[in-house]
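Asks: pasting the sequence and the predicted model now:
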Amino acid sequence: MSLRALPLIVISFILYNIIVLFSGGAHADDVLRKVLFELPMVGGARWRFSMGDLLILVTMFLLFFELIKATYTSSASLLDHGLSMLVFIACLVEFLLVEQAATSVFFFIMIATLIDVVAGFMIGIRTARRDLNIGDH
């Protein structure tokens with residue numbers, strides 16, 4: 001199995017679980033709202049960057065790379081799409097059943113996995129059609 005076949009979005013899922021589930025019994029929202037740094041803005045306000053913000057930012061970058069991976073047609077990409085579906089199902093089950101996963105941050109991670117699955121299959125189908133059309137000429 002190629003490393004390209006592993007969905008990168010699973011990193012966000014694993015990071016969330018490590019940060020929240022192994023935080024020593026603290027409530028998930030408290031852990032996710034922990035401010036990592038603050039920056040003063042020109043208007044006088046202070047911008048606060050939290051642990052939850054970091055997880056969402058990492059998820060967006062990983063989703064970007066997953067969408068790029070979806071443009072490749074190979075047997076590894078088929079396995080990647082299947083594993084992405086399993087990651088989405090795991091996220092959905094955890095969101096519905098685990099108290100610590102009932103947060104907006106985890107919801108956005110779960111939606112990113114859904115986008116990865118849907119876009120991966122749609123881009124893969126579109127790319128395969130283009131490859132077939134080129135072969136017909």
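Replies: Done, it's in. Since this is a predicted model, take the numbers as computed values, not measurements.
Asks: show me the shaky parts of the protein.
Replies: Across the chain, the ranges flagged by pLDDT under 70 are 1-3, 128-137.
Asks: grab the longest helix from it for me.
Replies: helix 104-136 (DSSP state H).
Asks: can you list the buried residues in it?
Replies: 105-106, 108-110, 112-117, 120, 123-124 (16 or more other CB atoms under 10 Å). No exception for glycine: its C-beta is placed from N, CA and C like everyone else's.
Asks: wait, what's in contact with residue 115?
Replies: Counting by CB atoms under 8 Å, 6 or more residues apart in numbering, residue 115 makes contact with residue 63.
Asks: how far away is it from residue 24?
Replies: Distance of residue 115 to residue 24, given as CB to CB, to the nearest Å: 32 Å.
Asks: same question for residue 108.
Replies: Residue 108 sits 24 Å away from residue 24, going by CB to CB.
Asks: can you tell me the SS state at residue 37?
Replies: Following DSSP: H, G, I helix; E, B strand; the rest coil, the label given to residue 37 is strand.
Asks: what segments of the protein are helices?
Replies: Secondary structure of the chain (DSSP H): helices at 10-21, 28-32, 51-69, 75-97, 104-136.
Asks: need those helices in TSV with distance to residue 4, can you?
Replies: Shown next, in TSV, are the helices of the chain (distance: least, CB to CB, whole Å):
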stretch	distance to residue 4
helix 10-21	13
helix 28-32	31
helix 51-69	7
helix 75-97	5
helix 104-136	13
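Asks: nearest to residue 40 among those helices would be which one?
Replies: Nearest to residue 40 among these is helix 51-69 (17.1 Å), distances taken as CB to CB.
Asks: packing partners for that closest one?
Replies: On a contact count with 3 or more CB pairs under 8 Å, 6 or more residues apart in numbering; DSSP states H and E, helix 51-69 meets helix 10-21, helix 28-32, strand 35-40, helix 75-97, helix 104-136.
Asks: run through who's touching the second one.
Replies: This points to helix 28-32. Identification of contacts with helix 28-32 by CB under 8 Å, 6+ apart yields 19-20, 23, 50-52, 55, 99-103, 105-106.
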